[in-house]
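S.K.: Need coordinates for the below:
(2 chains)
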Amino acid sequence: MPAFLQTAASFAAICVLCAFLARHTRLPAAMTPLPVVCFVMVFTVCMGYLGLLVPSVIFIFALAIAALFYMLFTAKKGGFKQLLTPGFVLFCAAGLAFIAYFAIRQPVAQEWDEFSLWATAAKLTKGSNVLYHEANIGWFWAPGSQKAGLPTLAYFFNFLGEYAAWRMYAAYAVLYAAVWSAAMGVLKRKNWQIAVPAAVMMFLLPYFTVYMRDIYCNFIYLNAYGDYPMGVLMSGALAWYYNAKKAKIDGEKAPLGYICLFIAAITLCKDTGLPLAMITAAIITFDMLFSGFGEKLADIKSIFKKLGFFVLMAASSGGVFVASSKYLASLGSAQGSVGGSSDMGYATMLIEGTKALLGLSPSAEGAPFAEKFAVIKTEMLRLFFAPDVRVTMAGSGFMAFLLIMLILAVGAVLTNDKKLRRASWLYAIASTLGFALYYTFIGFTYVYVFKDESTASIHDYNRYMNTYYLAWLGGAIAIFVLCAYAGSRFKSLLTLGTAVLACGMLLRFNQLMLPQLCVIDYPDVVYNDVKTHAAAVSKYSVLLTENDRVYYVNTFDNGLGWFETSYDMLPAILTYSHGGGEFADGKLLGTTPRMSLSADEWAAELFNEKCSYVYIDKAGGDFFASYGKLFADEGINYNAGETRLYKVNIKTGCKAVPLTVDDVLTAEELDKDGKVADFADRTVRMKIENSADWVTLTPVTETEAAQ
Amino acid sequence: MKIEKPRRFVAAFYIVTLAFALIFCTFNMVYDTIGRATGSVETVQYDFTTLTANDGVVVNGANDATTQGEDPQLLIENLATRPVEVRFDITFSENPGEVTLYYKKAGEEYSNTKKIYGKAQSDGTYIFTLPSLAKIDAIRVDPTNISNVTMHLNSFTLNAKRSAASYFAFSYSDIFAFLVYPALASAIAAWFINAFGQTKPRHFC
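M.R.: Predicted coordinates for the structure are as follows:
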């Protein structure tokens, strides 16, 4: 209950700011949540870069309290009536419903990249009160790999009270709800017939990327990855723009400057945010430039004004991007890297890729990729058109394209509003060009950034493309809803059209997805494994402080167990250990190139890594046969199920001596993947003569931990 | 005709839906109570030896079995009682994937149109509620669609005794459907009334 109220308080702060904005700027109420949520994201992250994360959140809360009192003291009778629009009511109701539902159901993180990045980042931010890049985690992690926007938004909703993963999902849900609200921006209460299907479509939007019947639980709305929020947010930015356009036609106020916030927020969602933010800005500018075609084309001043706005949008995206790169550089990580496993920067990648696309001869940097480029180009084209490669509920990427074009065409043909008709056609053109650009960009990253043994590996293709499909369809739905709102030919056929579209999406959703296998009614059992794991760790977590470094042992792990334990054990730090290595034949073998360790060497590593504890998740077979002599109880307590935690005791007088040159050479020989530098950095740098005599591991039983 | 009071119009859809739902739940409860009183509904316990297993299930004892292939089936071909609900408490060695139940009339084939997905409870029990008015002569349970899963069956009960309240317990899916469908239906109905309803009563003479 307290956690529910604490989360609701964060949400209330957002709602109050929305209400304030609606009352005092005359922005339609439903168009306020997106600017406020994006402001929270952009403001806290930017202040976080300056080391002012906590003050920035306190500032937002203070702002909300001040706004609340101001409104209460200046309230007139009926003064809040303007808030009762379908979009804003939906935002408040959906946000609160999500928070309450998640508070009851308590979903937790369960997917690989949530442990290896997204949820861990959110938990770290909460634990350390700084941006997660700065937080102490102790394991190898390219801190620049992702932007801080979403973990920081999760932080805002976790600000009061203890961290919980469901509060992070609630934060994401509020972001989604803000987008729904933007898509219904100008709708009034009397437009409820359009608002209801619009709400259904916006809720179902992320499910557009489900392309086959799921037999396992689907985690849309229960997942912290950045791809979906980024796509939905992009559709929100577009929806907001078209609603603002319509509001202006109707003589309402909707300053376009807010769009810069959305553009910045998209950039801060994920590493691929920058190109998407630029494409969003370009689509908007395209509409601004050509919507007045024939009327105002000769007006040079207006054209410059519009281009100036594009520069402003691009600058807000570029600004936060550069700020983030500068900040990361100050922490000592690569600047402007696109992520992935190669170090090529954005600019080089784009230049080399464009050259290859135009058939020009590549420079020295691009030359090694020529063959890979050809293979990936063919494959990317095939993946888009092949009918058997389904990526969306509509089928292949090409089918999704046709569906979106159909929606836009129907809206354009049937609407009464000439300006919206033109906007619809212009969006069809611009968003398709944008897709081509994004598709090419993703293709480039496959060629130049992902370093793979096999050249034609296009992994996670769906996940990367989903983002754009969501934004694309979301924008089309928003325009369609607006066309219906503006009135349509023949008995307001478009009003029925929104219902038909919503029913179609609902039907397809029901065909592919069972309520009990998605967020609506998922069974608790889907979290059994992760919750059992977390409970096992938490038995000992009372003993562990943030200064403790814990060595992880799991002889059956593929890496997930290690990431999971690292997440569960925070604020105590799981050392890099063996990165989810496995013990086999009495040797330590990691998923990363490691040498096989003797008991002596392992003891030395515990010493070198300054480990205070060893946590044994699973020790199979001959683990204790090989390392038992380090354990005071020879593993009896572990085998009896009484403990998983062992304290590392180092006798006084123990000294480490640097490895000799010969030892390093042996290490190099063992390292098959040629990562000698990596290897020398992270493995045993010191050795202790007869270390097994110096290091003992004593069991910490559960009862002791409980005391 | 124009809808004068849309709020009342939408509310009417919700009230009617709720009323139908309550009537349906009450009917199920009364029907089952009568069934129990007259003996047509009885509680029956099964285990792996009393259920008929196809060759996808290797039975290792009354409560233990292993699957082989991706289509293990447990059948009850000769139902002695009207099936109302199937529930089993089962532990799988790994995530079982789809846990489903099929039902059919004598002489029919099992088909996807007569298929129910189990509602997993937090204690590991799966519950399948069968349609009350369908004629059902045989039931087939597909406990998993994964090969080489070991299963330990704690209990398998046909028509376990249910409390009166359980007939009225709404699931989250029900609540979601209740939120979405009446609103959507009322929006569509309103469109037809607005588009084709007459503003004045038509005089035929």
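
S.K.: which element is the nearest residue to residue B:132 once chain neighbours are set aside on?
M.R.: Closest residue to residue B:132 apart from its sequence neighbours, by C-beta to C-beta, 6 or more residues apart in numbering or on different chains: residue B:28 at 5.1 Å. In short, each C-beta sits where N, CA and C put it, glycine included. Assessed by DSSP states H and E, residue B:28 sits inside helix B:6-38.

S.K.: Ok, residue B:97 next?
M.R.: With DSSP H and E as criterion, residue B:97 is part of no helix or strand.

S.K.: what's near enough to touch it?
M.R.: A:215-216, B:144-146 (C-beta atoms under 8 Å, 6 or more residues apart in numbering or on different chains).

S.K.: before we move on, the earlier item: if I read this right, the residue nearest to residue B:132 contacts residue B:169, doesn't it?
M.R.: No - Residue B:28 is beyond contact range of residue B:169, at 11.7 Å (criterion: C-beta atoms under 8 Å).

S.K.: and residue A:540, how many neighbours does it have?
M.R.: 22 (other C-beta atoms under 10 Å in any protein chain shown).

S.K.: Check which residues of the helix or strand containing it are buried.
M.R.: Taking DSSP H and E as the definition, one finds residue A:540 inside helix A:528-541. Residues A:530, A:533-534, A:537, A:540-541 are the ones in helix A:528-541 that count as buried (16 or more other C-beta atoms under 10 Å in any protein chain shown).

S.K.: Can you add distance to residue A:12 and give these back as CSV?
M.R.: Formatted as CSV, those follow (distance: C-beta to C-beta, whole Å):
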residue, distance to residue A:12
A:530, 30
A:533, 34
A:534, 29
A:537, 33
A:540, 37
A:541, 31
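
S.K.: State the mean pLDDT of stretch B:54-73.
M.R.: For stretch B:54-73, mean pLDDT rounds to 87.

S.K.: Kindly report the same for stretch A:250-265.
M.R.: Rounded mean pLDDT across stretch A:250-265 is 91.

S.K.: Tell me which residues are up against that stretch.
M.R.: Counting by C-beta under 8 Å, 6+ apart, A:25-28, A:31, A:34-35, A:37-39, A:41-42, A:149, A:186, A:233, A:236-237, A:240-241, A:243-244, A:247-248, A:277, A:280-281, A:284, A:309, A:312-314, A:316-317, A:319-320 sit against stretch A:250-265.

S.K.: swap the cut-off to 6 Å and go again
M.R.: A:26-27, A:35, A:38-39, A:41-42, A:237, A:241, A:244, A:247-248, A:277, A:281, A:313, A:316-317, A:320 (C-beta atoms under 6 Å, 6 or more residues apart in numbering or on different chains).

S.K.: Look up how far residue A:570 lies from the closest residue to residue A:572 other than its chain neighbours.
M.R.: Once flanking residues are discounted, residue A:572 sits nearest to residue A:544: 3.6 Å by C-beta to C-beta, 6+ apart. Distance of residue A:544 to residue A:570, computed by C-beta to C-beta, to the nearest Å: 9 Å.

S.K.: Likewise for residue B:19?
M.R.: 51 Å.

S.K.: and those two? which has more neighbours close in?
M.R.: Between residue B:19 and residue A:570, counted using other C-beta under 10 Å, residue A:570 has the larger neighbour count: 23 against 10.

S.K.: And the strands in chain B, which stretches?
M.R.: B:44-46, B:52-53, B:57-59, B:64-67, B:74-76, B:85-92, B:100-104, B:115-117, B:119-120, B:125-129, B:138-142, B:150-158 (DSSP state E).

S.K.: how about residue 149, what does it touch?
M.R.: Just going to use chain A. Counted by C-beta under 6 Å, 6+ apart, residue A:149 has contacts A:41, A:45, A:268-269.

S.K.: The intended chain is chain B.
M.R.: B:67, B:92-94.

S.K.: try residue A:210
M.R.: residue A:512.

S.K.: Next one: it relative to chain B, how far apart?
M.R.: 16 Å (C-beta to the nearest C-beta, to the nearest Å).

S.K.: Just give me the neighbour total for residue 132.
M.R.: The chain I'm using is chain A. Residue A:132, neighbours per other C-beta under 10 Å, totals 26.

S.K.: Not quite, go with chain B.
M.R.: Neighbours of residue B:132 (other C-beta under 10 Å): 14.

S.K.: isn't it right up against residue B:29?
M.R.: No - counting by C-beta atoms under 6 Å, residue B:132 stays clear of residue B:29, with 9.8 Å between them.
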